[in-house]
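Engineer: Mind folding the following:
(chains A and B)
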Number of protein chains: 2
Amino acid sequence: MLMTKIIALETYDVRFPTSRELDGSDAMNPDPDYSAAYVVLRTNAPHTDGQDALAGYGLAFTIGRGNEVQAAAIEALRPFVVGLELAAVTGDLGGFARRLVGDSQFRWLGPEKGVMHMAIGAVINAAWDMAARQAGKPLWRFIADLSSEAIADTIDFRYLSDALTRDEALALLRAAEPHKQARIAQLLAEGYPAYTTSPGWLGYSDEKLQRLAREAVADGFRTIKLKVGLNVEDDVRRCGLARAAVGPDVALAIDANQRWDVQPAIDWLRRLDAFDIAWIEEPTSPDDVLGHAAIRRGVAPMPVSTGEHTQNRVIFKQLFQAQAVDLIQIDAARVGGVNENLAILLLAAKFGVRVFPHAGGVGLCELVQHLAMADFVAISGCKEDRAIEFVDHLHEHFVHPVQIRDGRYIAPTQPGFSAQMHELSVRDYLFPGGRVWKTLAQGDLQPAASHG
Amino acid sequence: MLMTKIIALETYDVRFPTSRELDGSDAMNPDPDYSAAYVVLRTNAPHTDGQDALAGYGLAFTIGRGNEVQAAAIEALRPFVVGLELAAVTGDLGGFARRLVGDSQFRWLGPEKGVMHMAIGAVINAAWDMAARQAGKPLWRFIADLSSEAIADTIDFRYLSDALTRDEALALLRAAEPHKQARIAQLLAEGYPAYTTSPGWLGYSDEKLQRLAREAVADGFRTIKLKVGLNVEDDVRRCGLARAAVGPDVALAIDANQRWDVQPAIDWLRRLDAFDIAWIEEPTSPDDVLGHAAIRRGVAPMPVSTGEHTQNRVIFKQLFQAQAVDLIQIDAARVGGVNENLAILLLAAKFGVRVFPHAGGVGLCELVQHLAMADFVAISGCKEDRAIEFVDHLHEHFVHPVQIRDGRYIAPTQPGFSAQMHELSVRDYLFPGGRVWKTLAQGDLQPAASHG
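Structural biologist: Next comes the predicted model:
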């Protein structure tokens, strides 16, 4: 019998010309072209309906320039992946991740941060996708059905033991075991709360902001988020307009995308006290643990948050140790894959910090929903005190796009991690040679209608 | 008259097969192939002696795999550099650096860390090389001759203002002004202290360790450094052998290259108390500010240090704020170029922390000597309480290699930043197509004699 092996690692530089619409504009990112360094791991398994049913899909999200560097970093991992027996990878996802993250030569390029770490995360996520497909389960369910020991085995506790040991992680996981089945049923019935950033981009007019905010509430969202940080008078006005539009019972979060130094953040945020802010996200550098702690003390009781750019578990650990945040974002495609996100979720559970996953971009909603749902079932046991970000954007390029109903994510039921893109989308948006980019280069600034 | 412009950005993936010799082996890096993603900025200036005398040279140092990713990241910067007027770059090195570091799309790949930040640092350093060549001065002297305002203008104070404002930096620089000329004369006469890591690699036998340690002292070095962290009993023995070899008056530092978690570091280091350790370098993750602070409290009075992998000024700021280190390393090719290293040197001066620059690798000695010397002349005014690392390795590939005499770096006098490599070295060690790598691939495991 033929042993199933990984026989190819393919990368694609996929870019969407979003800068032409000002979707996604914020105080630090005025003109993003949402992009994915997309990776496909192919196997020699017999095809089903013409498809490599066990193939694994992953991506690193970028906002344009440099996406080719991100793709090159994924390419560099090929010799570590191609030729491996599938069962050896999916049966030891912890060992697979540790070999990639721990390679001494790649490690020099971080360690555990930036382009190389995101590349490793994309490949690790593709391996989890394979494992979930092989098991015939959506990733959240695949994780939830692992034993506590098996989950702990996937995690690298290096540099964590002063805050979370393997034994403490096991105790948290075991405490969640008794109600797993009930929570799975609950999740399938109720979905998971979502919040939306769609009304809040800086490029939008006041009228569009209020209209989209009202629509969000009508669509069932209980939290909306506004981008802030360009001009304090504008922010006072926009927060007021948003609060008026949504009423007193909908949560209003704000996001400065790393715009400020410590004292300027405090001064600016005190001007927004009146609007009952649910959290201020990324007030300053994502590397500045002590800065976040100082800001949190300075703006209390306004909750402080960060995480979408937090490079790895070591910074998250310190955010908790320094009491620098009230809640965190996690990002499915920034850190070292599912494994490191499980470590971060366990740290958050231990320190009693709520998680509001970062999404939007390209495929980030599709991916991160699985992590939030696995957290609910197998780790924290909580979901109604938190929400996953939702931006209604670019989902049509995914084979299994997220489903939102009444402001909630519906739990995915298809096998895998939901990262697979339509082949036609990959072909059309390939940079720079795909149809859409060729058309744009020819001066037709209106991209062709997207697939789906 | 023709305006001088930058007309090309060239990158080269240069690797040296050092893993075959176990030079450079430590607890985390067992088999490095010292490498450089080397960048050349060419101008259209009339050639002198057949040379583009104003060309700028820079490099990112890696240890092998992934050097092609690092080179690709430098390539991605080409559109930001080629076509610029030389005078606009060298006359506004602060603006040039801010445009590269601040580009929103590249920023997503960090921000300010890892592959993309090292690439930006290499190009910024090449621009400083051009500026110093244009001025006909070695880089250290070029910096020292700038006004305090001009130095401050090169620095991005974003995220620093809670620890160091532009005004505070200016006050430090101005305080150093009166004795600049005397210190320049002193530096040219005395050189700058060096320390050596050559005896201490983990791959070496006890006999070789002791022989090299004695030779180092005979050569005039007053500090040597040993790699530790693989086995505590070995470390106790090796520290004892080294201390016996050098006597009580030579400083003995140790370097764990990020090997430990917090409590294991404390337990291990207490076993080495008897050897009067000058500093323990990189006891844990370079990202773990609070971990270093805990280790420092746990091993006092043994001095604690880190920095060669510290990603940017934001982490350095916190190391100082948290009193996590007694001294730091800086690395010329890890952060965002000369500009960010000046910010770090000013932070260190403000917090009264000594600097022992990291070197070795490929070209790191050549580069970092300029920063240490500029610090002595224009910032801290100190040099006899600190030392630059020296490893006698791969210098023959550089056009202006470092000169060491009696355990001291001789101040360079040739114009520029000393990063230029011999063209023949670049050609021979180009990966994978250069002569040396082709020969190795053909099974002849002994690399041909190196150039120079």
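
Engineer: Low-confidence ranges, the stretch 1-150 of chain A, go.
Structural biologist: Within the stretch 1-150 of chain A, the ranges that satisfy pLDDT under 70 run A:1, A:22-24.

Engineer: where along it do the helices fall?
Structural biologist: Along the stretch 1-150 of chain A, the segments classed as helices by DSSP state H, counting those that start in this stretch run A:67-75, A:86-90, A:93-102, A:104-107, A:114-135, A:139-144, A:148-153.

Engineer: Make JSON lines out of those helices and add mean neighbour count and distance to residue B:399.
Structural biologist: (Glycine included, C-beta is placed from N, CA and C.) JSON lines is the format used below for those (neighbours: other C-beta atoms under 10 Å in any protein chain shown; distance: least, C-beta to C-beta, whole Å):
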{"stretch": "helix A:67-75", "mean neighbour count": "26", "distance to residue B:399": "29"}
{"stretch": "helix A:86-90", "mean neighbour count": "19", "distance to residue B:399": "47"}
{"stretch": "helix A:93-102", "mean neighbour count": "20", "distance to residue B:399": "37"}
{"stretch": "helix A:104-107", "mean neighbour count": "22", "distance to residue B:399": "27"}
{"stretch": "helix A:114-135", "mean neighbour count": "27", "distance to residue B:399": "30"}
{"stretch": "helix A:139-144", "mean neighbour count": "25", "distance to residue B:399": "54"}
{"stretch": "helix A:148-153", "mean neighbour count": "17", "distance to residue B:399": "52"}
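
Engineer: Out of those helices, the one nearest residue B:194 is which?
Structural biologist: With C-beta to C-beta, the closest approach to residue B:194 among these belongs to helix A:104-107: 26.5 Å.

Engineer: How far does that closest one sit from its chain's centre?
Structural biologist: For helix A:104-107, the distance from its own C-alpha centre to the chain's C-alpha centre is 25 Å (C-alpha atoms, centre = their mean, to the nearest Å).

Engineer: same deal with stretch A:205-217?
Structural biologist: Put simply, stretch A:205-217 sits 25 Å off its chain's centre (C-alpha atoms, centre = their mean).

Engineer: For it, buried residues please.
Structural biologist: With burial defined by 16 or more other C-beta atoms under 10 Å in any protein chain shown, the residues of stretch A:205-217 counted as buried are A:209-210, A:212-214, A:216-217.

Engineer: For chain B, what's its nearest residue on chain A.
Structural biologist: Chain B sits closest to residue A:114 of chain A, with a gap of 1.9 Å, by C-beta to the nearest C-beta.

Engineer: give the contact list for that residue.
Structural biologist: By C-beta atoms under 8 Å, 6 or more residues apart in numbering or on different chains, residue A:114 lies in contact with A:311, B:109-110, B:113-117, B:311.

Engineer: The nearest residue to residue A:86 once chain neighbours are set aside: how many residues sit nearby?
Structural biologist: Spatial nearest neighbour of residue A:86, chain neighbours left out: residue A:4 (4.3 Å); criterion: C-beta to C-beta, 6 or more residues apart in numbering or on different chains. Using other C-beta atoms under 10 Å in any protein chain shown, the number of residues around residue A:4 comes to 17.

Engineer: Columns distance to residue A:185 on top of the helices of the stretch 1-150 of chain A, output as a markdown table?
Structural biologist: Rendered in a markdown table, the data for those read as follows (distance: least, C-beta to C-beta, whole Å):
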| stretch | distance to residue A:185 |
| --- | --- |
| helix A:67-75 | 38 |
| helix A:86-90 | 27 |
| helix A:93-102 | 26 |
| helix A:104-107 | 42 |
| helix A:114-135 | 19 |
| helix A:139-144 | 12 |
| helix A:148-153 | 20 |
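
Engineer: right, and the residue nearest to residue A:86 touches residue A:84 too?
Structural biologist: No. Judged on C-beta atoms under 8 Å, residue A:4 makes no contact with residue A:84 at a distance of 10.2 Å.

Engineer: Quick check: neighbours shared by those two?
Structural biologist: Here residue A:4 and residue A:84 have no joint contacts, going by C-beta under 8 Å, 6+ apart.

Engineer: And the strands in chain A, which stretches?
Structural biologist: Assigned by DSSP state E, the strands in chain A fall at A:6-15, A:35-43, A:56-62, A:192-200, A:223-227, A:251-255, A:277-281, A:304-306, A:327-328, A:354-355, A:388-390, A:404-405, A:408-409.

Engineer: I'd like those strands as TSV, with mean neighbour count and distance to chain B appended.
Structural biologist: Output for the strands of chain A, formatted as TSV (neighbours: other C-beta atoms under 10 Å in any protein chain shown; distance: least, C-beta to the nearest C-beta, whole Å):
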stretch	mean neighbour count	distance to chain B
strand A:6-15	20	10
strand A:35-43	26	9
strand A:56-62	29	5
strand A:192-200	24	17
strand A:223-227	25	13
strand A:251-255	23	15
strand A:277-281	24	15
strand A:304-306	28	12
strand A:327-328	24	16
strand A:354-355	24	20
strand A:388-390	27	17
strand A:404-405	16	25
strand A:408-409	23	25
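
Engineer: okay, the ones you listed in JSON lines with distance to residue A:28 next?
Structural biologist: Formatted as JSON lines, these follow (distance: least, C-beta to C-beta, whole Å):
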{"stretch": "strand A:6-15", "distance to residue A:28": "19"}
{"stretch": "strand A:35-43", "distance to residue A:28": "17"}
{"stretch": "strand A:56-62", "distance to residue A:28": "14"}
{"stretch": "strand A:192-200", "distance to residue A:28": "14"}
{"stretch": "strand A:223-227", "distance to residue A:28": "9"}
{"stretch": "strand A:251-255", "distance to residue A:28": "10"}
{"stretch": "strand A:277-281", "distance to residue A:28": "12"}
{"stretch": "strand A:304-306", "distance to residue A:28": "13"}
{"stretch": "strand A:327-328", "distance to residue A:28": "19"}
{"stretch": "strand A:354-355", "distance to residue A:28": "23"}
{"stretch": "strand A:388-390", "distance to residue A:28": "17"}
{"stretch": "strand A:404-405", "distance to residue A:28": "27"}
{"stretch": "strand A:408-409", "distance to residue A:28": "27"}
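
Engineer: quick one: the helices in the stretch 251-400 of chain A?
Structural biologist: Secondary structure of the stretch 251-400 of chain A (DSSP H, counting those that start in this stretch): helices at A:262-270, A:289-299, A:313-321, A:337-351, A:364-374.

Engineer: looking at these, which is buried most?
Structural biologist: Most buried of the helices of the stretch 251-400 of chain A, by mean neighbour count (mean count of other C-beta atoms under 10 Å in any protein chain shown): helix A:364-374, with a mean of 28.

Engineer: Does anything pack onto it? Which helices or strands?
Structural biologist: Counting contacts by 3 or more C-beta pairs under 8 Å, 6 or more residues apart in numbering or on different chains; DSSP states H and E, helix A:364-374 is packed against helix A:139-144, strand A:192-200, helix A:337-351, strand A:388-390, strand A:408-409.

Engineer: Between helix A:364-374 and the third one, find me the angle.
Structural biologist: Read it as helix A:337-351. Per axes from the mean of the first three to the mean of the last three C-alpha atoms, to 10 degrees, the angle that helix A:337-351 makes with helix A:364-374 is 50 degrees.
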